[in-house]
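Engineer: Sharing a model that was predicted from the sequence below.
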Amino acid sequence: MADKEGGIVKKGHDEGLKMAVSLLEEFGLPLGLLPLADVIEVGFVRSTGYMWIQQEKKVEHYFKMISKFVSYNAEITGFVDKKRIKKLKGVKAKELMLWPPVSEITVDDPPTGKIHFKSLAGITKTFPVEAFAAGQ
């Protein structure tokens, strides 16, 4: 796949998770944003910002502070930039009985303590950044 050309790839859960967390840190995103399990591979192409994550199976995570379930597919892709992830695929947040796909995640810059999740339908939900701190 051309998107992955020139990418840095880490295989296995420990190495993959370490890389995913360091990318979140580098781009000013909350470290608990991607609660991954059984990672197979994480890759990143610095020239384009393209990131991909493969895990063994879909993961559902409950963020207690905001009482929200978020679903992470076995494959997650997106373009990471300062304080944002664009063209995100493979992440859905539960709203009532629906699971709308999340297409973009943005952290306010300058910081206001807010993070915004935009769905493909154009709906944006805003939450406190600390709800996605590591270990939440």
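Structural biologist: That came in fine, so what should we check first?
Engineer: The spatially closest residue to A20 that is not a sequence neighbour: neighbouring residues, count only.
Structural biologist: Leaving aside its sequence neighbours, A20 sits nearest to V42 (Cβ to Cβ, 6 or more residues apart in numbering; 5.0 Å). From N, CA and C alone the C-beta is placed, and that goes for glycine too. Neighbourhood size, V42 [other Cβ atoms under 10 Å]: 29.
Engineer: Tell me which residues touch V42, please.
Structural biologist: V9, K10, E15, G16, L17, M19, A20, M51, W52, I53, Q54 (Cβ atoms under 8 Å, 6 or more residues apart in numbering).
Engineer: Am I right that the last one falls within a strand?
Structural biologist: Yes - for Q54, which was evaluated using DSSP: H, G, I helix; E, B strand; the rest coil, the result is membership in a strand.
Engineer: how near is it to A133?
Structural biologist: With distances taken as Cβ to Cβ, to the nearest Å, Q54 is found 25 Å from A133.
Engineer: Counting neighbours, go ahead and name the busier of those two.
Structural biologist: Shown here are Q54 and A133; by other Cβ under 10 Å, Q54 has more neighbours (19 against 14).
Engineer: Surely that one and A74 touch.
Structural biologist: Yes - contact criterion Cβ atoms under 8 Å: Q54 and A74 qualify, at 6.5 Å.
Engineer: Just the residues contacting stretch 114-132, thanks.
Structural biologist: Outside stretch 114-132, the residues that touch it by Cβ under 8 Å, 6+ apart are 30-33, 63, 65-66, 68, 93, 95, 100-108, 111, 113, 136.
Engineer: from those, which would you call buried?
Structural biologist: The neighbour-count test (16 or more other Cβ atoms under 10 Å) marks 30-33, 63, 66, 68, 93, 100, 102-107, 136 as buried among the contacts of stretch 114-132.
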